[in-house]
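Q: Quick one, fold the following:
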Amino acid sequence: MPTTSILTKSPVEGFSAGLVDDNNIFEWEIVIMGPQETLYEGGFYKATMTFPVDYPLMPPKLKFVTDMYHPNVYPTGEVCISILHPPGEDKYGYEQASERWTPVHTVETILISVISMLSSPNDESPANIEAAKEWRENYPSFKKKVQRIARRSAEDF
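A: Purely as a prediction, here's the structure:
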């Protein structure tokens with residue numbers, strides 16, 4: 001079962017996490033602060049983390065509720081990073097099993113990975129092809145979109 005006690009005892013800078021409803025330990029609300037010295041700096045990005053009933057054997061899903069424009073975030077808001085992919089071999093051969101979900105991952109390690117993802121997108125395997133293409137081919141336009149979203153997220157927070 002997911003637990004908030006570790007995060008309460010030793011909070012980590014850059015995000016906050018807690019239950020959406022005290023009666024449902026499988027649904028968490030997350031706020032990620034845009035990492036300093038990135039395009040996302042100054043933004044407050046709300047997300048939900050949903051744990052499956054077979055957690056920790058299978059990974060939770062993390063989905064941004066706040067608008068997010070990033071090569072590794074689907075247009076629906078769902079985050080696509082290796083540690084949130086089911087355990088085992090990748091049928092496409094892109095990821096090694098060691099890069100995928102293992103039960104040792106915690107809410108903290110997931111959110112640290114998401115903060116790292118915001119700092120350095122992986123455009124080799126994009127979830128949002130439009131964002132990845134714009135990041136590679138028209139960085140000034142990509143930057144402008146992301147900074148506009150960051151400003152809006154801070155105003156809405």
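Q: just the strands in this protein please.
A: Here the chain has its strands, by DSSP state E, at 15-21, 24-33, 44-50, 61-64.
Q: Redo those strands as CSV? Include mean neighbour count and mean pLDDT.
A: Heads up, the C-betas are built off the backbone N, CA and C, glycines and all. Formatted as CSV, the strands of the chain follow (neighbours: other C-beta atoms under 10 Å; pLDDT from 0 to 100):
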stretch, mean neighbour count, mean pLDDT
strand 15-21, 15, 89
strand 24-33, 18, 95
strand 44-50, 20, 97
strand 61-64, 20, 98
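Q: Would you mind telling me which of these is nearest V146?
A: With C-beta to C-beta, the closest approach to V146 among the strands of the chain belongs to strand 44-50: 11.1 Å.
Q: Tell me the helices and strands packed up against that closest one.
A: strand 24-33, strand 61-64, helix 139-156 (3 or more C-beta pairs under 8 Å, 6 or more residues apart in numbering; DSSP states H and E).
Q: Now render the ones you listed as a markdown table, adding distance to W101.
A: Shown next, in a markdown table, are the helices and strands packed on strand 44-50 (distance: least, C-beta to C-beta, whole Å):
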| stretch | distance to W101 |
| --- | --- |
| strand 24-33 | 16 |
| strand 61-64 | 11 |
| helix 139-156 | 27 |
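Q: Quick one: closest of the ones you listed to S120.
A: S120 sits nearest to helix 139-156 of all these, at 13.6 Å, using C-beta to C-beta.
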